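In: Provide a 3D model corresponding to the input given below.
(one chain, ligands or ions: 1)
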Amino acid sequence: MRIGLYPGTFDPITLGHVDIIRRGCALVDRLVIGVAINRDKGPLFDLDERVSMIEVEAARLAEQTGTEIQVHAFENLLIDCARDVGAGIILRGLRAVSDFEYEYQMVGMNRQLDSSIETVFLMAEAQHQAIASKLVKEICRLNGDVSNFVTPAVEAALKRRLRQS
Ligand code: ADP
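Out: Numbering: from 1, shown residues only. Take a look at the predicted model:
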């Protein structure tokens, strides 16, 4: 059984992430979405909120693609998380050249930690490529329309949270 791990912060999950998950489903039998706690990044949504938003999308995508999708929160090393869930592949999305340098370093170091785990990069559809959680939050905070970037459920959660703060 081919198991892939798609790790990220998902603060919150965007249509860019959804695009990558859908593509990842075509490559593996089970896709584990690894949700990093990432306290350092000071996430807008706490871990439980991010996980439940992903679970809603995951259920829909699993039905559409026929691939098993699990959501798994992790706080340890990515490579250890991959081993814990039995993943032989780490999936990452690539947006712009700016993503490349960081990803290049990550692959280089992760490969030295465990050479049996391969990292595979995927690119989203053109209209989803530029979407970044950070910018979606900024646009929503300034009362912009984020409906092209996130699902209606995530949009509602963003509005609720950003109105509170
Ligand atoms: P991280 O903190 O790991 O960067 P993110 O939630 O920002 O977490 O992103 C998780 C993964 O999804 C990363 O590989 C990132 O490059 C990818 N990703 C995010 N948005 C997009 C997008 N619009 N198109 C392609 N990949 C994306």
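
In: quick one, longest helix in this protein?
Out: The longest helix of the chain (DSSP state H) is helix 47-65.

In: What strands line up against the helix or strand hosting V71, and which way round?
Out: Using DSSP states H and E, V71 sits within strand 68-74. Sheet pairing of strand 68-74 (DSSP bridges) gives strand 30-36 (parallel).

In: Report how many residues lie close to the nearest residue to E49 once chain neighbours are set aside.
Out: The shortest distance from E49 to any non-neighbouring residue, by Cβ to Cβ, 6 or more residues apart in numbering, is to A157 (7.2 Å). To be clear about C-beta, it is placed using only N, CA and C from the backbone, and glycine gets the same treatment. Residues contacting A157 under the criterion other Cβ atoms under 10 Å number 21.

In: again with the one 3 residues further on
Out: Look at R160: counted by other Cβ under 10 Å, it has 9 neighbours.

In: any idea which helix or strand carries it?
Out: Using DSSP H and E, R160 falls in helix 152-164.

In: pLDDT averaged over that helix - what is it?
Out: Throughout helix 152-164, pLDDT has a mean value of 93.

In: That helix and the ligand, any residue contact?
Out: No: using Cβ under 6 Å from any ligand atom, helix 152-164 stays clear of the ligand, with a minimum separation of 12.6 Å.

In: For that helix, which residues meet the burial criterion?
Out: Neighbour counts over helix 152-164 (16 or more other Cβ atoms under 10 Å) mark V154, E155, A157, L158, R161 as buried.

In: so what's V32 up against?
Out: I3, G4, L5, Y6, I69, Q70, V71, H72, V85, A87 (Cβ atoms under 8 Å, 6 or more residues apart in numbering).
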